[in-house]
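Fold the following for me, if possible:
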Amino acid sequence: MKAGVAGESVLQRVSRILRAFDSDHCHLALGPLARRAALPTSTASRLALEMVELGLLERNENGEFSVGLQLWEIAALADSPITLRSALSPLLDDLLAVTRQHLQLVIRDGEEGVVLDRRDGHADLPLHYHVGGRIPLAPTATGQILLAAAPPDLLEDMLHRNDYGWPTFECDRPTAKIIRAQIAAVRGADLAVLRRPTSPVVSVGVPVRDANRRVVAAIGILMARDGMPISQVEPLMRAAALTATRILGAGESPRPPAWSRR
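Sure thing, here's the model as predicted:
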């Protein structure tokens, strides 16, 4: 996180403390918390202890801080994402029953994706995401769906800054030209299929649209490279996308698509 600037409000500093936590840093002692929040230790200590009193943070017997229950209760009131998650939850259940593969529902927040919901498949895959966690857009199928629907300036700005995440431990990061071509292909196909050369995982993503035909989320399926053939997966995912869009567009109760086993 960038260092704090003089004149920041208390609210901005509190935001820094909250953003210091992520899936890899759920519990933080004061020192690491201050460093990750880019705040002086004294400031981080004062604010963190006050946040504990308010229930926004919790502190265990080892002195480590974590996100508090009060904050989870407040976050649960967020209308749009929670409504979206509730509306599409039965659809994910059906898709899981049919495919037995890992699934995720993702929305875009700026230059990152946020996992709104997920289902665990039967295959043992090296997946590192959780509900509420953030994922990069460029190297994920759901992310590419969301990038394809985003304003073009977003992608161009990321490429211009050379600031698009990629798991370089798996393979070299594609050039900006390749990324542009991938997103253009996704935009034309309304489907993203992502295979990284050395990854054991293949992912497929489809868009979810609202009543105004605006892409508001993406549904993704993650499979072993030698698992279900794409020719089998594609029609299932397209059917899921149409069903999800119908649910959101018509405001109707979720109905299983034609391929559902229910």
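
pLDDT wise, what is the residue of the chain most remote from its centre at?
Centroid-distance maximum for the chain: Ser42 at 33.1 Å, with C-alpha atoms, centre = their mean. In this prediction, Ser42 carries a pLDDT score of 95.

CA atoms of the host helix or strand of Met223 as PDB?
The secondary structure element spanning Met223 is strand 215-224 (assigned by DSSP states H and E). Coordinates of each C-alpha in strand 215-224 appear next as PDB, following Å, rounded to 0.1, in the frame of the first residue of the first chain:
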ATOM      1  CA  VAL A 215     -22.800  -6.800 -17.800                       C
ATOM      2  CA  VAL A 216     -22.900  -6.800 -14.000                       C
ATOM      3  CA  ALA A 217     -21.100 -10.000 -13.200                       C
ATOM      4  CA  ALA A 218     -19.400 -13.100 -14.700                       C
ATOM      5  CA  ILE A 219     -19.800 -16.800 -14.000                       C
ATOM      6  CA  GLY A 220     -16.700 -18.900 -14.200                       C
ATOM      7  CA  ILE A 221     -16.000 -22.600 -14.200                       C
ATOM      8  CA  LEU A 222     -12.500 -23.900 -13.300                       C
ATOM      9  CA  MET A 223     -11.500 -27.400 -14.400                       C
ATOM     10  CA  ALA A 224      -8.500 -29.700 -14.700                       C
END
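
mind listing what's buried in it?
In terms of neighbour count (16 or more other C-beta atoms under 10 Å), strand 215-224 has its buried residues at Val215, Val216, Ala217, Ala218, Ile219, Gly220, Ile221, Leu222, Met223. (Glycine included, C-beta is placed from N, CA and C.)

I'd like those residues as TSV, with distance to Met158 appended.
Compiled in TSV, those are given as follows (distance: C-beta to C-beta, whole Å):
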residue	distance to Met158
Val215	18
Val216	20
Ala217	20
Ala218	17
Ile219	23
Gly220	20
Ile221	25
Leu222	23
Met223	27
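
so which of those comes closest to Pro126?
For these, the residue nearest Pro126 by C-beta to C-beta is Leu222; the value is 10.1 Å.

which residues pair with that closest one across the strands?
According to DSSP bridges, the partner residues bridging Leu222 are His102, Ser203.

Pull the contacting residues for it.
If a contact means C-beta atoms under 8 Å, 6 or more residues apart in numbering, then Leu222 has Gln101, His102, Leu103, Gln104, Gly121, Leu125, Leu127, Val201, Val202, Ser203 as its contacts.
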